[in-house]
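Novice: Let's see this in three dimensions:
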Amino acid sequence: SIYVSGLAWDTKDEELHDLFSSVGHITNAYVLKQKRAGRERSLGCGIIEFESYESAQAAITQFNETLFKDRIIRIREDKVVESTDISPLSSTSTASSNSTTYTSEVAVSADELSVKSINNNKKNKVFVPNKIFISNISKVTTVDDMTSLFKEYGEIVSINVLPKKGRKTLPWIVEYQTEDQAKKAIESCNKLVLHDLSIIVRDYYQ
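Specialist: Numbering: from 1, shown residues only. Next comes the predicted model:
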């Protein structure tokens with residue numbers, strides 16, 4: 001099987017199947033999702049299972065870093081990892097705490113490890129209730145990605161990325177109209193997987 005990242009948020013299982021069927025017989029194709037606050041959300045990635053290893057390798061060779069639905073998709077061999085939150089969009093396959101499912105590996109960078117030290121400095125900063133701070137965001141993430149993810153929780157005033165040289169991940173700041181909208185975004189999106197990374201969403205201090 002292969003793992004595909006960079007998918008458009010509205011990509012359907014059938015579209016994945018149709019895209020990769022030209023390289024070999026597909027036994028299963030599905031977009032991955034995550035459940036948060038009782039809702040299901042596409043993770044922008046998916047799994048395609050082929051009947052043969054050769055077909056999977058051909059798919060990687062032919063489609064890696066190509067354009068699909070106006071997005072550059074990236075493809076690699078899939079890996080088996082333990083998962084408690086992630087499952088295919090198909091209702092016939094769900095993950096439990098003791099089950100193993102084919103999903104993306106959830107990577108966590110040094111951003112998450114630094115949250116504790118950042119929190120220790122809150123005493124010297126001012127809490128901004130209608131803004132949220134998002135860390136551990138992949139460099140491939142676009143403003144459109146962030147807008148699509150966070151607009152669901154309220155009217156966005158601004159979205160800004162904070163450039164940092166030499167970092168594989170970048171922090172972002174999203175400003176909402178109200179504090180309640182910011183709170184909903186934190187509750188729903190913290191630990192959500194975006195481009196293979198478990199993102200951290202928390203209060204913003206300046």
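Novice: Which strand residues bridge Ile2?
Specialist: Ile48, Glu77 (DSSP bridges).
Novice: What count of nearby residues applies to it?
Specialist: Residues near Ile2, counting by other C-beta atoms under 10 Å, number 24. Where you see a C-beta, it was placed from the backbone N, CA and C, and this is true even at glycine.
Novice: So for the helix or strand that contains Ser135, what gets flagged as buried?
Specialist: Using DSSP states H and E, Ser135 falls within strand 127-138. Judged by neighbour count (16 or more other C-beta atoms under 10 Å), strand 127-138 contains these buried residues: 128, 130-138.
Novice: tell me which of these is nearest to Val31?
Specialist: Ser138 (18.2 Å; C-beta to C-beta).
Novice: Was I right to think the closest one contacts Leu194?
Specialist: Yes - contact criterion C-beta atoms under 8 Å: Ser138 and Leu194 qualify, at 7.0 Å.
Novice: the bottom helix or strand of this protein by mean pLDDT?
Specialist: Here the helix or strand of the chain ranked lowest by mean pLDDT, DSSP states H and E is strand 100-103, holding a mean of 34.
Novice: And the average pLDDT for stretch 179-187 is what?
Specialist: The average pLDDT within stretch 179-187 is 91.
Novice: Need the contact partners of that stretch.
Specialist: The contact list for stretch 179-187 (C-beta atoms under 8 Å, 6 or more residues apart in numbering) reads 37, 129-132, 150, 153-155, 174, 176, 201-204.
Novice: can you give me the strands in the chain?
Specialist: Using DSSP state E, the strands of the chain run over 2-5, 26-36, 39-50, 66-68, 71-77, 79-82, 86-88, 100-103, 127-138, 156-161, 169-176, 193-194, 197-198, 200-205.
Novice: mean pLDDT lowest for which of the ones you listed?
Specialist: strand 100-103 (a mean of 34).
Novice: related to what we said a few turns ago, which one of the buried residues of strand 127-138 is nearest to Gly44?
Specialist: So of the buried residues of strand 127-138, ranked by how close each gets to Gly44 (C-beta to C-beta), first place is Ser138, at 10.5 Å.
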